[in-house]
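> quick one, what's the 3D model for this:
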Amino acid sequence: MARSRDPLTPLEAAVRRRSIRRWAVGLVVLALLVAAAAWLVQRYASNEPVAYADIVDHFKYGSIGSDIENGLPVRILQVLPRMFPEYLPEGGATDYTAFGLIQEPGHALPIGFSQRRRVIDLAGFNCALCHVGEVRESPDADPQVIPGMPSNTVDLSALFDFLIGSAGDNRFTADNIIAEMEKDGGLFFVDRLIYRLAVPQLQAGLLKAGEQMDRFMLPEHPRFGPGRIDTFNFYKVNQFSEHYPPGSIADQERVGTVDFPSIWNQRPRHGMNLHWDGNNDSVRERNFSAAFGAGATRENVDSASFDRVTAWLEDLPPPPYPFEISTDQDALTRGEALYQERCYSCHGFEGSEVGQVDPIGQIGTDRRRLDSYTETIAEIQHSYGDGYDWDFSHFHKTNGYANHPLDGVWARAPYLHNGSVPTLWDLLTPEEERNGGRNFFYRGHGVYDRDDVGIRTDVEEVGGRKSFRFVISEPGNGNQGHSGPRYGTDLGDEDKRALIEYMKTL
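Numbers count the residues shown, from 1 in each chain. Model (predicted):
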């Protein structure tokens, strides 16, 4: 029979109670430490983009991977316009709408910016930065926002100048920026430590970007202005910088400014020569090339997220013309016949020459963009994707500009590859008479010209924000070419009006 234990003495009982309390306190402290560690890991060690179930929201704000290596701290971005208003465009608000970016309620940053938690919240560019546009019926009207349309109001050169100018200012310090951020809400002490490291890193990155831009920009290089970019020169000094040491880019290839294109209805474009000069006939390669232009890298491009967007664009329909279309059936019938006769072979989906390249000697448009893309860069691109599933193999040098389908052509103004022709009426006008013979027009305001179908050329500002003065005589901005009987500029006024009326329906 087991011997019963002697009862504890009062001293032993007290010691045991203290021991149990210490264990309990220790367990609670351990649980708190584990919870705190888990919270810190979740807050600072995750690498997750903000996800969107709706495909349109995903297109506007979803990540393509540019917010990983090239991400910009969100909270720093938000305070820079307040801190450095002198670097903003004239007449604009003290936020990113000053650059023509579209700010929707409930979002920290405009359309075209993704967000990702990676120690701190980072922002990156995505497809929508260059491919969501606005149309206004008048300067005072609210804009209609159209996904897939060229970003006709967005001035990336002004945005880059603002970021680089701010970074070069002696007030761009961790103390000043953190103090400004705390006006929007206090920072956790760990956040303050992180931002003390992030501010100088951001500053160094922006100043380096400024040096790289200076490497390809000629002194007379025109400003891009709203809705335009110099596509392949950015590649030369960013992704391909080791192939282009300072001074190695020939002057004749240093200006290649073009309009942003529309990107709807991609499925029937497979196999066509793409980009303005037709230098690639693979939609997938063209799309990944655009992702790298937006800041994604070979290592970090988010293929799954990016493929989700490109799959949606395959069948995204062009937007219907938002204003009135003539009810004169005779005029529409005549316009359709003229379209079939003069335009369809080059610009209809089943046309015999659609997706083919018109030689520069024939089309006669400004050749700067054509000259900016060379055999050298094509060869570099062929090796850039070695080992990746998007490996580039279709890039090639051409001798002209590609004939593209005209679906949704009303929403793609201004016209020609460089955006030098404001309306369809001007496009059907002999080159020497375009734009009324004037050397400039205003763009970037989104106000539509319903008479001539394109953009109004006389709108100097909208809501106080100054429009961009596009000067036709500047390098790369010429509005010549696409002129003569082959291109319909010999038609009479009545026939031109009928053709334009029909083109509203495409």
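> tell me which stretches of the stretch 301-450 of the chain form strands.
357-359, 400-402, 440-443, 448-449 (DSSP state E, counting those that start in this stretch).
> so which of those strands gets nearest F288?
Nearest of the strands of the stretch 301-450 of the chain to F288, taken as C-beta to C-beta: strand 400-402 at 18.9 Å. Using the backbone N, CA and C atoms, a C-beta is placed for each residue, glycine as well.
> out of the strands of the stretch 301-450 of the chain, which comes closest to V258?
Across these, V258 has its closest neighbour in strand 400-402 (10.0 Å, C-beta to C-beta).
> strands paired with the closest one, and their directions?
strand 357-359 (antiparallel) (DSSP bridges).
> run through who's touching the partner strand.
With contacts defined as C-beta atoms under 8 Å, 6 or more residues apart in numbering, strand 357-359 is touched by 273, 277-278, 346, 398-403.
> which one of these is nearest to V79?
D277 (40.7 Å).
> neighbours of the closest one, how many?
Burial measure for D277: 26 neighbouring residues, criterion other C-beta atoms under 10 Å.
> sorry, back to before: would JSON lines of the strands of the stretch 301-450 of the chain with distance to P200 and mean pLDDT be doable?
As requested, those are arranged in JSON lines below (distance: least, C-beta to C-beta, whole Å; pLDDT from 0 to 100):
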{"stretch": "strand 357-359", "distance to P200": "47", "mean pLDDT": "97"}
{"stretch": "strand 400-402", "distance to P200": "44", "mean pLDDT": "97"}
{"stretch": "strand 440-443", "distance to P200": "37", "mean pLDDT": "97"}
{"stretch": "strand 448-449", "distance to P200": "45", "mean pLDDT": "98"}
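> closest to G65 out of those?
Taking C-beta to C-beta, strand 400-402 is the member of these nearest to G65, at 27.9 Å.
> make JSON lines from the strands of the stretch 301-450 of the chain and add mean neighbour count to it.
Below are the strands of the stretch 301-450 of the chain laid out as JSON lines (neighbours: other C-beta atoms under 10 Å):
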{"stretch": "strand 357-359", "mean neighbour count": "17"}
{"stretch": "strand 400-402", "mean neighbour count": "24"}
{"stretch": "strand 440-443", "mean neighbour count": "23"}
{"stretch": "strand 448-449", "mean neighbour count": "22"}
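> among the ones you listed, which is nearest R412?
strand 448-449 (12.2 Å).
> helices and strands around that closest one, which ones?
Using 3 or more C-beta pairs under 8 Å, 6 or more residues apart in numbering; DSSP states H and E, the elements in contact with strand 448-449 are strand 454-455.
> now whichever helix or strand comes after the strand it packs on: average pLDDT?
Using DSSP states H and E, the helix or strand that follows strand 454-455 towards the C-terminus is strand 461-462. The pLDDT scores in strand 461-462 average 95.
> could you do stretch 272-286 as well?
95.
> which one of the strands of the stretch 301-450 of the chain lies nearest to R116?
strand 440-443 (33.0 Å).
> tell me the predicted confidence for A158.
For A158, pLDDT reads 94.
> go ahead and confirm it touches F99.
Yes - in this structure, A158 is within contact of F99 by C-beta atoms under 8 Å, at 5.2 Å.
> where does this protein dip in pLDDT?
Low-confidence segments of the chain (pLDDT under 70): 1-8, 10-47, 218.
> circling back: got any residues that touch both of A158 and F99?
P89.
> give me the contact list for stretch 135-146.
Applying C-beta under 8 Å, 6+ apart, the set of residues contacting stretch 135-146 is 102, 111, 132-134, 149, 319, 322-323, 411, 445-448, 450, 459, 461-463.
> go again with 10 Å.
60, 102, 104, 111, 131-134, 149, 152-153, 262, 264, 318-319, 321-323, 408, 410-411, 413, 445-448, 450, 455-456, 459-463, 467 (C-beta atoms under 10 Å, 6 or more residues apart in numbering).
> and the strands in the stretch 151-300 of the chain?
Using DSSP E, counting those that start in this stretch, strands in the stretch 151-300 of the chain cover 228-230, 257-259.
> which parts of the stretch 201-350 of the chain are helices?
Under the criterion DSSP state H, counting those that start in this stretch, the stretch 201-350 of the chain carries helices at the ranges 231-237, 283-293, 303-314, 329-342, 344-347.
> burial measure for G148, as a count.
G148, neighbours per other C-beta under 10 Å, totals 25.
> go on, E336?
Look at E336: counted by other C-beta under 10 Å, it has 17 neighbours.
> dihedrals phi and psi, the closest residue to it other than its chain neighbours?
Of all residues not flanking E336 in the chain, Y502 sits nearest, at 4.9 Å (C-beta to C-beta, 6 or more residues apart in numbering). Per-residue torsions, Y502: phi -70, psi -40 (degrees, to the nearest 10).
> ditto for I146
Residue torsions, per degrees, to the nearest 10, at I146 are phi -130, psi 110.
> ok, what's across the strand from it?
Bridge pairing for I146 - DSSP bridges - gives G133.
> from here on, count from 230
Right, with 230 as the first residue, what we last looked at is I375.
> how far away is it from N399?
Using C-beta to C-beta, to the nearest Å, I375 is found at 42 Å from N399.
> can you give me the neighbour number for the residue nearest to E565?
22.
> kindly report the same for D480.
10.
> what's the answer for G580, then?
Close neighbours of G580, defined as other C-beta under 10 Å, add up to 17.
> hmm, it is touching P497, no?
No - using C-beta atoms under 10 Å, G580 is not in contact with P497; the gap is 11.5 Å.
> give me the common contacts of the two.
P634.
> what's F697 sitting at in phi/psi?
phi -90, psi 130.
> swap that for V383, sorry
phi -80, psi 120.
> tell me the contacts of it?
With C-beta under 10 Å, 6+ apart, V383 has these contacts: 325, 328-331, 339-341, 357-363, 453, 455-458, 489, 673.
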